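Participant: I'd like to go over a predicted model; first the sequence, then the structure.
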Amino acid sequence: MQLKKNNQQPTTESTNNMNPKLKPILLLCALSASALNVFAQNLVVTSNTTVSGTHYENRGTTAALTNTGAWTFTGSDLTLTGTGDSGSGQDGARFTGGGTLNLSSGTINANRNGIYLGNTSAATVKDTTITTTGSAGRGITVSQQSNATVTDATISTHGNNAAGFYTTGTSTLTVKGGTVTTAGSTAYGIYATQQSTAAVTDAVISTDNSDATGIYVNGTSILTVNGGTITTTGSSAQGIYVSQQATGTATDVTISTHGNSSNGLFVNAASTLTVNGGTITTTGSTARGIYVNQQATATVTDITILTHSYNSNGITAANSSTLTLNGGDIVTAGGASSGITVSYASTAQVSALAVETSGYQAHGLRVYYGGVDAESASTGIFDQVQVLTHGDGSHGAMIGGGTTTTYSHAEFTDSTIITEGS
């Protein structure tokens, strides 16, 4: 066929008569041109909706999937992309009107919230992968009396001040299985605040930067953790941190921290934590297994604690706090790392415990810096406690210390203390 010199399109007859080898090429070009004009669209839910195998993407400042009413949206095998520069366009899914999200086998990529729930909205999420990249990015936010149940999700955040899960405003979060990883500083695996409730079962949580705590709960919120593992690698990155009159229960949780000043469990500011079983390991300096501080209360049963560095006590109770411990083992390897210290008018009642220390001036038990009278003394009551110290200058039990005007008190029954250092 001879090429035409003008812009006239070939006629049907001329097309049919052209070389058959050219037809697939022209057809491929036509399909490619059509594909260039296909873009994922956002979806605004206006009725009960069920969708499968679709990709939704933010449009400007509107989230990829939006529900401002009480509608129920059910989706499977969906991809949601919220990578806008501002507003809700940074969110994958945003439900703010009391609606319900049922999502399974989804993939969400967002700058800010993978899923945001507000104003009594609800979500059930299963087998879904959520990735956030921006500062203060959150895998799932549950706020304003909303609730979410999340099963076997994979959540990762990459920005600073981020959280895998964030629940606030008397909301409820239930996590079953799955993994949470954070890469930024001051980034939490789970953050519960403002009278919220978080229940976590068999989750794997890891953080990889400074001030990045595994689970943080405050503001009279309630935390329950059963099983699972928590690992932090940065400095000042606590395993579980319960503060500001919050309440927590941890059962059979495995916690390891690897940064300086990174406590396994930190109970602070008139909060309460109950611990049943589990293992705590710390490798950084000034990284206690359990730290109970500022009028806080900890009740611990059958715990195993191992600390490996300098000034890392197995358990510290300080500043008018209360510790009750029944059963378990505490082993410390660093210098100045006592098994248990009780100070500044705190009280500890300990039974059926084995303590072993190996560092220099690493005392088995220490009770000191009490108040100015007997009623405000630092107090340790020890029953059936076995203490073994190996390091030089390491007392089996050291009672008192500080100034001569402070009171400390200790009682021992059916206990054994052995020291091997000089």
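Facilitator: Right, received. Where do you want to start?

Participant: and for the closest residue to V275 other than its chain neighbours, the neighbour number?
Facilitator: The shortest distance from V275 to any residue other than its chain neighbours is 4.4 Å, reached at V300 (C-beta to C-beta, 6 or more residues apart in numbering). Backbone N, C-alpha and C define where each C-beta goes, glycine included. If you count neighbours by other C-beta atoms under 10 Å, V300 ends up with 26.

Participant: what's the answer for the one 3 residues further on, then?
Facilitator: Summarising burial for I303: neighbours were counted as other C-beta under 10 Å, giving 25.

Participant: now do the same for the closest residue to it other than its chain neighbours: helix, strand or coil?
Facilitator: The spatially closest residue to I303, leaving aside those adjacent along the chain, is G328, at 4.1 Å (C-beta to C-beta, 6+ apart). Three-state assignment for G328 (DSSP: H, G, I helix; E, B strand; the rest coil): strand.

Participant: before we move on, the earlier item: surely the residue nearest to V275 touches G328?
Facilitator: Yes: counting by C-beta atoms under 8 Å, a contact exists between V300 and G328, whose distance comes to 7.1 Å.

Participant: how long is stretch 411-418 end to end?
Facilitator: Length of stretch 411-418, first residue to last, C-alpha to C-alpha, to the nearest Å: 17 Å.

Participant: pLDDT on it, on average?
Facilitator: Over the span of stretch 411-418, the pLDDT mean works out to 98.

Participant: please name the nearest non-neighbouring residue to G400.
Facilitator: Sequence neighbours aside, S408 is the residue nearest to G400 in space, at 4.6 Å (criterion: C-beta to C-beta, 6+ apart).

Participant: what residues are up against that neighbour?
Facilitator: Neighbouring residues of S408 by C-beta atoms under 8 Å, 6 or more residues apart in numbering: 367-370, 377-379, 399-401.

Participant: quick check: the farthest pair among those residues?
Facilitator: The span of the contacts of S408, defined through C-beta to C-beta, is set by T379 and G401 at 14.3 Å.

Participant: more neighbours: which of those two?
Facilitator: For T379 against G401, the residue with the higher neighbour count under other C-beta under 10 Å is T379, and the figures read 21 against 14.

Participant: bridge partners for that one, pull those for me.
Facilitator: Judged by DSSP bridges, the bridge partners of T379 are T347, H409.

Participant: just checking, it touches H409?
Facilitator: Yes: with the criterion set as C-beta under 8 Å, T379 and H409 qualify as a contacting pair; they are 4.8 Å apart.

Participant: you'd agree G89 is in a strand?
Facilitator: No: remark: G89 does not belong to a strand; assigned using three-state DSSP, it is helix.

Participant: quick check: what element follows the helix or strand bottoming out on mean pLDDT in the chain along the chain?
Facilitator: Counting by mean pLDDT, DSSP states H and E, the weakest-scoring helix or strand in the chain turns out to be helix 23-35, with a mean of 39. Stepping forward along the backbone from helix 23-35, the first helix or strand reached (DSSP states H and E) is strand 43-44.

Participant: contacts for the helix or strand that that next one is followed by, please.
Facilitator: Note on strand 43-44: by DSSP H and E, the next helix or strand toward the C-terminus is strand 49-52. Defining contact as C-beta under 8 Å, 6+ apart, one finds that strand 49-52 is touched by 43, 71-78.

Participant: okay, among these, which ones form the most distant pair?
Facilitator: When those are compared pair by pair using C-beta to C-beta, the two farthest from each other are W71 and D77, 20.2 Å apart.

Participant: looking at those two, which one has more neighbours?
Facilitator: Neighbours per residue, other C-beta under 10 Å: of W71 and D77, the larger number sits with W71, 17 against 14.

Participant: how near is that one to G214?
Facilitator: For W71, the distance to G214 under the criterion C-beta to C-beta, to the nearest Å works out to 35 Å.

Participant: which of the helices or strands spans the residue nearest to V275?
Facilitator: Secondary structure (DSSP H and E) places V300 in strand 297-307.

Participant: C-terminal to that strand, what's the next element?
Facilitator: strand 315-318.

Participant: and that next one, which strands flank it?
Facilitator: Counting by DSSP bridges, the strands paired with strand 315-318 are strand 290-293 (parallel), strand 340-343 (parallel).

Participant: need the contact partners of it.
Facilitator: Counting by C-beta under 8 Å, 6+ apart, strand 315-318 makes contact with 288-294, 298, 300, 305, 323, 325, 330, 339-344, 346-348, all of which sit outside it.

Participant: chain center to that strand: distance?
Facilitator: Strand 315-318 sits 23 Å away from the centroid of its parent chain (C-alpha atoms, centre = their mean, to the nearest Å).

Participant: could I have it exported to CSV, CA atoms only?
Facilitator: Once non-C-alpha atoms are left out, strand 315-318 reads as follows in CSV (Å, rounded to 0.1, in the frame of the first residue of the first chain):
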residue,chain,number,x,y,z
ILE,A,315,13.0,-3.7,88.6
THR,A,316,13.0,-0.1,90.0
ALA,A,317,10.2,1.3,92.1
ALA,A,318,10.6,5.0,92.8
